Each structure stands twice: as structure tokens, then as C-alpha cells.
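Enquirer: output the structure for:
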Amino acid sequence: MPPASLPLWRPLLDASLFGIAGIALLIIGYYIWELVTPYNLRKELQDNKNLAVAVVVAAFILGMAIVIAAALILIK
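Expert: Modelled structure (predicted):
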């Protein structure tokens, strides 16, 4: 007997909820990282135009996104 198919709204709802949860966790992780670092990330990025800090922040965000995506996929 084949598995019963889900209505179309259920996978869309699941994807939306996991996406919102992932974005929220990424924002929380960024703010925790900003609290831990000895310098102000926003000041370095906006006022000083520090390219090195921008690269590190981008790498951090990508790394956090990969970890959160893997964790959310394992939940389902």
C-alpha cells in the first residue's frame, strides 16, 4: 500500500516554519557573537569600512547557516 500523500499546504507550511526558525536562530547567533567579540562589529563595518571584519562576519554567517540547516533537516 503506497503512503498517503500529504496535501500541498503541509510541505509549504513545514518549509516556511523551518525557514523562519533558521533565520531566527541565525540572528540570535549573530548577536551572541557580537556580544562575545571585544570590538563593535557594526562600527567596524559601517564606520571604518573594515574589509577583514566583513569577510569574517560573512564566513561566520555562512557557517552558522550550514550548521542550523543541518540541524533543522535532522529534526524532520
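Enquirer: where along this protein do the helices fall?
Expert: Under the criterion DSSP state H, helices of the chain are mapped to 9-36, 41-46, 51-75.
Enquirer: contacting residues for F60?
Expert: 30, 33 (C-beta atoms under 8 Å, 6 or more residues apart in numbering). C-beta: built from backbone N, CA, C; applies to glycine.
Enquirer: hmm, back to that, format the helices of the chain as a markdown table; extra columns: mean pLDDT.
Expert: Below are the helices of the chain laid out as a markdown table (pLDDT from 0 to 100):
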| stretch | mean pLDDT |
| --- | --- |
| helix 9-36 | 85 |
| helix 41-46 | 86 |
| helix 51-75 | 85 |
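Enquirer: contacts only, for the residue most central in space within the chain.
Expert: The structure's the chain has its C-alpha centroid closest to L26; by C-alpha atoms, centre = their mean the separation is 3.2 Å. Taking C-beta under 8 Å, 6+ apart, we find L26 in contact with 61, 64-65, 68.
Enquirer: how far away is it from L51?
Expert: 22 Å (C-beta to C-beta, to the nearest Å).
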